[in-house]
Structures are given as C-alpha cells and as structure tokens.
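**Q** Need a 3D model of the following:
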Amino acid sequence: MPYYTYILTNKNKTVLYVGATRNLKIRMAQHKTKYYPKSFSAQYNCYNLMYYELFETHNEALAREKQLKSGNRKRKISLIESKNPDWLDLASSYASLGNDDYLIKEIW
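**A** Coordinates of the predicted model:
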C-alpha cells in the first residue's frame with residue numbers, strides 16, 4: 001500500500017497545510033469532517049486537496065512532508081500549480097468512490 005504526502009488549502013486559498021498519510025481517502029474524510037477539531041487543518045478549514053505525491057515507504061513520505069513544510073509558501077504554490085494550475089479540489093474526483101488506491105494512481 002502506498003504512502004502519500006499532500007497539500008491542502010482552505011476555501012479562500014490563503015492557508016496551506018502539508019501532511020502525510022497511508023490512506024489518503026480516509027485522511028481526507030477526517031479533514032473534511034474536522035475529525036480532530038483542535039488540529040491546525042480544522043481550525044483553519046483546510047480540507048481542499050490541491051496536491052499529493054505517492055511513496056513506497058512511510059519514511060519517504062515523512063521525509064517529503066518535512067521537506068515541504070520547511071519550504072516557503074512560494075515553493076508550495078509553484079508545486080501545486082505545476083500539477084493543478086486551476087487549484088481544483090482533487091479529492092472530489094475520487095471521494096465518493098470505493099477503493100481509491102488505483103484511482104489516485106490513474107488521476108495523478
């Protein structure tokens with residue numbers, strides 16, 4: 001099973017959140033429902049998936065998360081716009097479907 005590093009934003013695209021997870025579909029559902037109400041993403045309403053990458057191992061995904069978090073906003077925006085220039089919520093393209101692993105690979 002792959003691991004993911006991802007970037008979320010809020011409705012107005014003023015806040016960026018970087019995270020890593022093993023199951024992107026479940027994690028996105030948690031963000032959208034504010035499963036952890038005191039978390040950064042819940043407090044700043046970050047639940048729109050703008051970008052993600054797949055990795056073979058947990059360590060690779062965490063290393064990339066750390067790298068992205070240490071970068072500035074301009075770099076994150078450039079990364080998002082390289083794959084998602086219209087800033088569409090990528091989660092909406094698979095969230096209502098069944099097993100997302102194969103769909104995410106096809107979408108990206």
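**Q** Going by C-alpha atoms from here, please, whenever you check contacts or count neighbours.
**A** Noted.
**Q** which outside residues touch the one helix or strand residue 69 maps to?
**A** In the assignment (DSSP states H and E), residue 69 maps to helix 58-70. Helix 58-70 is contacted from outside by 3-6, 18-22, 54-55, 76, using Cα atoms under 8 Å, 6 or more residues apart in numbering.
**Q** need the next SSE after it, C-terminal direction.
**A** Following helix 58-70 toward the C-terminus (DSSP H and E): helix 73-83.
**Q** what mean pLDDT does the helix holding residue 69 have?
**A** What helix 58-70 shows for mean pLDDT is 97.
**Q** Can you list the buried residues in it?
**A** Burial within helix 58-70, assessed by neighbour count using 16 or more other Cα atoms under 10 Å, is assigned to 58, 60-62, 64-65, 68-69.
**Q** Go through those and name the one nearest residue 81.
**A** Sorting the buried residues of helix 58-70 by how near they are to residue 81, with Cα to Cα, puts residue 68 at the top with 14.6 Å.
**Q** just to revisit the earlier point, let's have the buried residues of helix 58-70 in a markdown table, adding distance to residue 92.
**A** Shown next, in a markdown table, are the buried residues of helix 58-70 (distance: Cα to Cα, whole Å):
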| residue | distance to residue 92 |
| --- | --- |
| 58 | 25 |
| 60 | 26 |
| 61 | 22 |
| 62 | 24 |
| 64 | 24 |
| 65 | 22 |
| 68 | 23 |
| 69 | 24 |
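**Q** Please report how far the most centrally placed residue in the chain lies from residue 17.
**A** Centroid-nearest residue in the chain, with Cα atoms, centre = their mean: residue 6, separated by 2.9 Å. According to Cα to Cα, to the nearest Å, residue 6 and residue 17 sit 8 Å apart.
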